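Below are the sequence and a predicted model for it; my questions follow.
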Amino acid sequence: MKKTFALNRRINFRLLFLLSLYLVLILIIINYINVHYFNNRMEDCIQDQVLQASNLIKKSTRVSMLKNQRDDLAAIMEDLTKVRYIEGVRIYNKKGTIMFSGDSAEIHHTVSIEDEQCIFCHPSSQAKGTIYQENQFRMCESENSHRVLGLIIPIENAPDCYQAECHAHGEEEKILGLLDIRTSLKRLDENTADARKKSLLSFLFVTALTLIIFERIIHNQIKLPISKLVYGTEQVANLNLDYHIDIKSPEEMEKLSTSFNKMTDKLKQAQQQLQEWSNTLEDRVRKKSEELERAQKQLISAEKLASMGKLAAVVAHEINNPLSGVLTYAKLLIRNLKQSSSAETIAEALKNLVVIRDESERCGNIVKNLLIFSKKSLGRISRQDLKDLMDKSLDLIHHSLELKNIRIHKEYSDADTTLNCDAAAIEQMFVALLVNAVEACPKNGGLLQLRISRNQIEKLFRVEIEDNGEGIDTDVLPHIFEPFFSTKNGEKSVGLGLAVVYGIVESHHGKIEVKSEPAKGTCFIIKFPFNGHSENQVS
């Protein structure tokens, strides 16, 4: 929520800043244009009025000038000077001498050609002031630091002037003198400054009011909808697909919220479909797992039966020898007892009975071990020593070892090798590997090396079963743990032995590796973690 607030605040600030910047620039330009236009228009109006006043003064003084009534002209000049906006009125002769003025101190004063009132007729780069030559206007500054608008208009030599009785001027003179009138622009400047001040206040007021309006518009039309959209995306990100955004305006935001709500509805439908599919998949996987587990148990049982078949053949050979001895000694004992009952005969009979007893016990042990192996049920987890399980497995194939004259070399660690395991499964695994090793070993010269150790660093038990048999080809080696794979062509083998071994190792969270070289032998390496099989796990 804090991130949403910060984001909205940044968006609000940026939009408001940009709009404010554009607004200020526009208002400044408009204000400048308005003030400049107002000032120019006022100056134009004043110039028109000054021009009209100058013409009026020239006409009103014409009679006095024709009659050479100097006192009347001086009085008119003084009266004009008393007018509020007139700074001064002068009449120059063509030599630049002030003949009449509202200020008597200026009379008979000759102005310099470089003065600002002379620039119209006598341009000079050193002249003071500015003159608008199209209307003989000039702009200068008074002693009181306010602007003064000056106008010089010529006094032409008219016919009634040079035909007068005084004959003061000849007809050839075109200009008799100049009328100079200076008007104060102080009031105009004050009004302009006041207008600028009011314009500035209006500008600030309009700017502030517009910013407030913009802020409200941005808040209602942009900030709030964006806040709702951002909050909606956060809800969807938190997997709350039931959340809907409610935006009524503006139209674009409303369309966006509608599209967002449709998107969340479709996402919810897709999630429900995925959930349903996931639930169905879990059921299917569970059923397939149960089927695989049953198949694995059947494979283990089949392999156990196959192993028992092999062991039965071996046991048949192993039992046949002691039974033949028992039968021979029994017949010999019966015959001797029938022929004689002397003490020597009885002693010989007792000796034969001991042989019969020993051979019978031997047969009993063989059958007993076979029955124990066949009756052990899988799935019972208990603490068992791997060394004991290996020795029991060796007892089951003892006769096979004797028949092929295979030597056994044991390297058992003195450390504790007790594993939490399914004893029957581990023993079945050992028997399968030992039988394969015996079959691979050559007759009279075979060597079977058994190693059991404990690796405290890796937290593992390590079991190695190595033979010096014919080895496994490199192209066959990657496939030996595949179900129904067998290289024993023509023999009764379905290829389940090593596949079952692999399954037993996996069920105990172990790993099995094979190292083999043709004509040099094979070594199976099994690694079990210390914890082995979990108590609640079933093989």
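That came through, no problem. Residues are numbered from 1 along each chain as shown.

And L178, how close does it get to L56?
When distance is defined by C-beta to C-beta, to the nearest Å, L178 is 16 Å away from L56. (Glycine included, C-beta is placed from N, CA and C.)

Within the helices and strands, which one has I213?
Secondary structure here is read from DSSP states H and E; on that basis I213 sits in helix 186-218.

Name the residues of that helix that are buried.
Along helix 186-218, these residues count as buried under the neighbour rule (16 or more other C-beta atoms under 10 Å): 186, 188, 192, 195-196, 199, 203, 215, 218.

Kindly reformat those residues as JSON lines and extend each row with distance to A519 and pLDDT.
As requested, the buried residues of helix 186-218 are exported to JSON lines (distance: C-beta to C-beta, whole Å; pLDDT from 0 to 100):
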{"residue": "K186", "distance to A519": "127", "pLDDT": "80"}
{"residue": "L188", "distance to A519": "123", "pLDDT": "76"}
{"residue": "T192", "distance to A519": "118", "pLDDT": "77"}
{"residue": "A195", "distance to A519": "116", "pLDDT": "77"}
{"residue": "R196", "distance to A519": "112", "pLDDT": "77"}
{"residue": "S199", "distance to A519": "110", "pLDDT": "77"}
{"residue": "F203", "distance to A519": "105", "pLDDT": "77"}
{"residue": "E215", "distance to A519": "92", "pLDDT": "76"}
{"residue": "I218", "distance to A519": "88", "pLDDT": "73"}
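
quick one on the thing from earlier: of L178 and L56, which one has the most company?
Neighbours per residue (other C-beta atoms under 10 Å) separate L178 from L56, with L178 holding more: 22 against 10.

On the three-state scheme, the residue lying closest to V438 once chain neighbours are set aside is what?
If the residues on either side of it in the chain are set aside, V438 comes closest to S400, at 5.0 Å by C-beta to C-beta, 6 or more residues apart in numbering. Taking DSSP: H, G, I helix; E, B strand; the rest coil as the rule, one finds S400 in the helix state.

count of neighbours near S400?
Around S400 sit 21 other residues, with neighbours defined as other C-beta under 10 Å.

What separation is there between it and T418?
Distance, S400 to T418, by C-beta to C-beta: 28 Å.

the helices in the protein, which residues?
The residue ranges that make up the helices of the chain, judged by DSSP state H, are 2-60, 62-66, 70-81, 159-162, 186-218, 224-237, 251-339, 343-375, 386-396, 398-403, 423-440, 497-507.

I457 is nearest to which of those?
Among the helices of the chain, the nearest to I457 by C-beta to C-beta is helix 386-396 (18.5 Å).

Need the residues that contact the closest one.
For helix 386-396, contacts defined as C-beta atoms under 8 Å, 6 or more residues apart in numbering pick out 311, 369-370, 373, 401, 408, 412, 417-419, 423, 426-427, 430-431, 434, 450, 452, 461, 463, 528.

in it, what counts as buried?
Neighbour counts over helix 386-396 (16+ other C-beta under 10 Å) mark 386-387, 389-390, 392-394, 396 as buried.

possible to save those residues as a markdown table with distance to I33 and pLDDT?
Written out in a markdown table, the entries for the buried residues of helix 386-396 read as follows (distance: C-beta to C-beta, whole Å; pLDDT from 0 to 100):
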| residue | distance to I33 | pLDDT |
| --- | --- | --- |
| L386 | 102 | 95 |
| K387 | 107 | 95 |
| L389 | 105 | 93 |
| M390 | 107 | 94 |
| K392 | 111 | 89 |
| S393 | 109 | 88 |
| L394 | 112 | 90 |
| L396 | 113 | 80 |
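
one step back: off-centre distance for the helix holding I213?
Computed by C-alpha atoms, centre = their mean, to the nearest Å, the chain-centroid distance of helix 186-218 equals 48 Å.

Would you mind giving the buried residues of helix 186-218 as CSV with distance to E106 added?
Formatted as CSV, the entries for the buried residues of helix 186-218 read as follows, by distance: C-beta to C-beta, whole Å:
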residue, distance to E106
K186, 21
L188, 25
T192, 30
A195, 35
R196, 35
S199, 40
F203, 45
E215, 63
I218, 66
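
which pair in the residues you listed spans the largest distance?
Comparing every pair within these by C-beta to C-beta identifies K186 and I218 as the most remote, at 46.6 Å.

Where do the domain boundaries of this structure fall?
Domain assignment of the chain by automatic domain parsing yields the ranges 61-184, 380-539.

ok, of these, where does mean pLDDT dip lowest?
When mean pLDDT is averaged over each of these, domain 61-184 scores lowest at a mean of 68.

As a markdown table, the helices of the chain with distance to E141 would be great.
Formatted as a markdown table, the helices of the chain follow (distance: least, C-beta to C-beta, whole Å):
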| stretch | distance to E141 |
| --- | --- |
| helix 2-60 | 15 |
| helix 62-66 | 31 |
| helix 70-81 | 19 |
| helix 159-162 | 36 |
| helix 186-218 | 11 |
| helix 224-237 | 58 |
| helix 251-339 | 59 |
| helix 343-375 | 130 |
| helix 386-396 | 118 |
| helix 398-403 | 133 |
| helix 423-440 | 118 |
| helix 497-507 | 108 |
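
nearest to K174, of the ones you listed?
Of all these, helix 159-162 sits nearest to K174, with 10.5 Å by C-beta to C-beta.

okay, now N238: neighbour count?
Residues lying near N238 (other C-beta under 10 Å) number 9.

now it: how far from S342?
Taken as C-beta to C-beta, the span from N238 to S342 is 105 Å.

what does G445 give?
Taking C-beta to C-beta as the criterion, G445 is separated from S342 by 50 Å.

try H479
With distances taken as C-beta to C-beta, H479 is found 70 Å from S342.

quick one: which of those two has more around it?
When H479 is set against S342 and neighbours are counted by other C-beta under 10 Å, the residue ahead is H479, at 13 against 10.
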